[in-house]
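Visitor: Can you look at this prediction? I've put the sequence above it.
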Amino acid sequence: MRVAVVTGANRGLGAEWTHQLLEDGWQVYAGYRSELGRLTTLANENLTTHVLDVQSNDSVQLFAENAPLKIDLLVNNAGVADGRWRNLSEIDDEWALEVLDINALGPVRVVKSLYPKMKHNSLTKIAMISSLMASIDDCHMGRSYAYRASKTALNMFTVSMKKEALEDNISFVILHPGWVKTDMGGDRAPVEIPESVTGMRNVLETRTLENTGEFVQFDGELLPW
Ligand SMILES: NC(=O)c1ccc[n+]([C@@H]2O[C@H](COP(=O)([O-])OP(=O)(O)OC[C@H]3O[C@@H](n4cnc5c(N)ncnc54)[C@H](OP(=O)(O)O)[C@@H]3O)[C@@H](O)[C@H]2O)c1
């Protein structure tokens, strides 16, 4: 049975990833930070849940120790928005650093800790859930300073990691889920959660060692850096 790990799995896109993978016959090891949320409704013999705060090395380490021994897919999904500061003077240093820590370093901590369980003879895929807001080329509106910077850093961490991971049969993809109707995306978002996750899973199907590290939207469109 194929084994997937999903972070931030209690609500939004992470819960939907968990739901769809279980429906498709995967074994899922799901991380939640505070409460089980939608995971309580997904109870299934192939679902295991574990507390995970990607900001804490201890939490990530414990999560990794309890993970299944062989992992085929990691969905690095957990993330936070920033303060929606209207201009430079409103940026809150402490909060900005926290956003960078959670969105950029958090997923790297998870990759690092799970690496020995993802390194095996068959292909492992790692989906880094980024955002179009990471794109420097596409940054026309500005603002969302820390969120943008955190996701741009996540993209660079990923591209920097992809070469060494290639030798270990691990392929990365950097995904933009679209603007999706979740707590983070809000009610005005045009994309529904199931559509976004189905699209991202289709993109994942096309992943190989040859195309590792690409920045791709949920509908398959390649995005500018
Ligand atoms: N929705 C969009 O339009 C959109 C667009 C582009 C990219 N994204 C990205 O897609 C991913 C999922 O977003 P979403 O829309 O589903 O957001 P969401 O509904 O706000 O869910 C965010 C998830 O991340 C978890 N999380 C936050 N901080 C964490 C931490 N320190 N450790 C572990 N888990 C943590 C949350 O857990 P708690 O419940 O404990 O807070 C929650 O499960 C994020 O990386 C986001 O940046 C979303």
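Guide: Received it, and whenever you're ready, just let me know what you need. Numbering: from 1, shown residues only.

Visitor: check which helix or strand covers residue 29.
Guide: strand 27-32 (DSSP states H and E).

Visitor: who does that strand pair up with?
Guide: If you go by DSSP bridges, strand 27-32 pairs up with strand 3-6 (parallel), strand 47-51 (parallel).

Visitor: Deepest-packed of those strands, please.
Guide: Stretch with highest mean neighbour count among those: strand 3-6 (a mean of 26; mean count of other Cβ atoms under 10 Å). C-betas here are computed from N, CA, C, even on glycine.

Visitor: I would like the residues contacting that one, please.
Guide: Residues outside strand 3-6 that contact it (Cβ atoms under 8 Å, 6 or more residues apart in numbering): 14, 17-18, 21, 26-31, 67-68, 70-75, 77, 110, 114.

Visitor: Residue 171 - that's part of a strand, no?
Guide: Yes. Counting by DSSP: H, G, I helix; E, B strand; the rest coil, residue 171 falls inside a strand.

Visitor: Output the longest helix seen in the chain as CSV - backbone C-alpha positions only.
Guide: Longest helix of the chain, by residue count under DSSP state H: helix 145-166. C-alpha atoms of helix 145-166 as CSV (Å, rounded to 0.1, in the frame of the first residue of the first chain):
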residue,chain,number,x,y,z
TYR,A,145,5.2,41.1,2.4
ALA,A,146,6.1,38.3,4.8
TYR,A,147,3.8,35.7,3.1
ARG,A,148,5.3,36.4,-0.3
ALA,A,149,8.8,36.3,1.0
SER,A,150,8.2,33.1,3.0
LYS,A,151,6.9,31.3,-0.1
THR,A,152,9.7,32.6,-2.3
ALA,A,153,12.1,31.3,0.2
LEU,A,154,10.3,28.0,0.3
ASN,A,155,10.7,27.8,-3.5
MET,A,156,14.4,28.5,-3.3
PHE,A,157,14.9,26.0,-0.5
THR,A,158,13.2,23.4,-2.7
VAL,A,159,15.2,24.1,-5.8
SER,A,160,18.4,24.0,-3.7
MET,A,161,17.4,20.6,-2.2
LYS,A,162,16.3,19.0,-5.5
LYS,A,163,19.8,18.0,-6.7
GLU,A,164,20.9,16.0,-3.7
ALA,A,165,17.4,14.4,-3.5
LEU,A,166,17.7,13.4,-7.2
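
Visitor: give me the number of residues near residue 129?
Guide: Residues lying near residue 129 (other Cβ atoms under 10 Å) number 25.
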